[in-house]
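Novice: Predicted model follows, preceded by the sequence.
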Amino acid sequence: MGAGGRRPDRPLLPARSGRRPDPGGAAVPRRGARGIKLHPRAQSFGFDTAVAGEIFAVARDAGVPVLVHAGRGMPRMDALADLALRFPDVTLVLAHTALADQGMFATRLAGHPRVLYDTACLSPYDVMELFARVPAERVVFASDVPYGRPTVGLYQTLRVAALAGLSMEERALVTGGTMAAALDGRQLPAPQAPRLARIRPVDGTLARVASYLMMGIAAGLIGGMNGDVTLALPRLALARSVCRDPDPGPAGPALERIDGVLTAAEALLSAPEPRRLEALWLIAGAVALAATEPVAG
């Protein structure tokens, strides 16, 4: 749901019950909305305005969360952090791992009781760093449909959650439990310390694979979702050359699995046009595998 640029006369309230009294005593009808989505880049607005504060006030009175685009194309987002601190009782969901200003948000909103970060992101490294900077109880799964694919996004999120050592109960919170509490207006799970260390060991061979594949995804997305995805092929070839290493060390089993995924991706890139884009999601899955494979020893 988005604000749509129109200032509502009455708050849109969640569908938990039929009516809710407003401060003036009149009954406010519930319209079925469960939250507000704001996309400051697409909607061309900033958070250092009175209107932005009014939107957060609507969310506070309605008891609904506010989801904000915090991904690519955004300038510094300090004004949103200021606004969030003014409204600590409003659940704020920062989309795309808040990659536009992740460090700033993680630092300034560390004490905010209801800020959440979603995992809709192509780079597993942004998701990993999220688990190193904020409590797992403040991370929620998101797939970025229609651009992303739920299965790939879920695979990436669960790989990172496993690397972070989350229990099955904690993974259930990430994949839906925490967000359900936010939508229902319930208390969020108690936050614990971030689970991943900010300095982590890396397998150099898998890092090479991941870097080539990320370059491939970027090349395939030049021109947007309708670009020429076959531009990923040269980088795919580089990644597969790493997978052929005759002395791969502990990374051998992971490289074998990755190469199998890349074989399927290459086949899709040679398929008729409508299916080619799916190759990029296979490549994204391979990146998640390479980035999150535990380092032996």
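Specialist: Cool, got the structure. Computed from a predicted model, the values in this text were never measured in an experiment.
Novice: so Pro294 is in which element?
Specialist: Using DSSP states H and E, Pro294 is not contained in any helix or strand.
Novice: who touches it in this structure?
Specialist: With contacts defined as C-beta atoms under 8 Å, 6 or more residues apart in numbering, the neighbours of Pro294 are Leu163. Glycine gets a C-beta too; all of them are placed from N, C-alpha and C.
Novice: Report pLDDT for it.
Specialist: pLDDT, Pro294: 95.
Novice: now do Pro274
Specialist: What the model reports as pLDDT for Pro274 is 79.
Novice: give me the number of residues near it?
Specialist: 7 (other C-beta atoms under 10 Å).
Novice: What of Pro75?
Specialist: 11.
Novice: how much space is there between the closest residue to it other than its chain neighbours and Ala52?
Specialist: Residue nearest to Pro75 in three dimensions, not counting chain neighbours: Ala100, with 7.9 Å by C-beta to C-beta, 6 or more residues apart in numbering. Counting by C-beta to C-beta, to the nearest Å, the gap from Ala100 to Ala52 is 16 Å.
Novice: Could you do Ala239 as well?
Specialist: Counting by C-beta to C-beta - Ala239 and Ala52 are separated by 43 Å.
Novice: More neighbours: the two, which one.
Specialist: Using other C-beta under 10 Å as the criterion, Ala239 and Ala52 rank with Ala239 on top: 27 against 21.
Novice: give me the element that one is part of.
Specialist: Per DSSP H and E: helix 233-243 holds Ala239.
Novice: Against which helices or strands is that helix packed?
Specialist: Where contact means 3 or more C-beta pairs under 8 Å, 6 or more residues apart in numbering; DSSP states H and E, helix 233-243 is packed against helix 204-220, helix 252-269.
Novice: and among those helices, the most buried is which?
Specialist: helix 204-220 (a mean of 21; mean count of other C-beta atoms under 10 Å).
Novice: Give me the angle between that one and helix 252-269.
Specialist: Here the directions of helix 204-220 and helix 252-269 differ by 20 degrees (axes from the mean of the first three to the mean of the last three C-alpha atoms, to 10 degrees).
Novice: any idea how far helix 204-220 is from the chain center?
Specialist: Its chain's average C-alpha position is 20 Å from that of helix 204-220, according to C-alpha atoms, centre = their mean, to the nearest Å.
Novice: Pull the CA coordinates from it and hand them back as PDB.
Specialist: The C-alpha coordinates for helix 204-220 follow below in PDB (Å, rounded to 0.1, in the frame of the first residue of the first chain):
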ATOM      1  CA  GLY A 204      39.300 -16.900  -1.500                       C
ATOM      2  CA  THR A 205      38.100 -19.400  -4.200                       C
ATOM      3  CA  LEU A 206      34.400 -18.900  -3.400                       C
ATOM      4  CA  ALA A 207      34.900 -15.100  -3.100                       C
ATOM      5  CA  ARG A 208      36.300 -15.100  -6.700                       C
ATOM      6  CA  VAL A 209      33.200 -17.100  -7.900                       C
ATOM      7  CA  ALA A 210      30.800 -14.700  -6.100                       C
ATOM      8  CA  SER A 211      32.500 -11.600  -7.500                       C
ATOM      9  CA  TYR A 212      32.400 -12.800 -11.100                       C
ATOM     10  CA  LEU A 213      28.700 -13.800 -10.700                       C
ATOM     11  CA  MET A 214      27.700 -10.500  -9.200                       C
ATOM     12  CA  MET A 215      29.400  -8.800 -12.200                       C
ATOM     13  CA  GLY A 216      27.400 -11.100 -14.400                       C
ATOM     14  CA  ILE A 217      24.100 -10.200 -12.800                       C
ATOM     15  CA  ALA A 218      24.900  -6.500 -13.100                       C
ATOM     16  CA  ALA A 219      25.800  -6.900 -16.800                       C
ATOM     17  CA  GLY A 220      22.600  -8.800 -17.400                       C
END
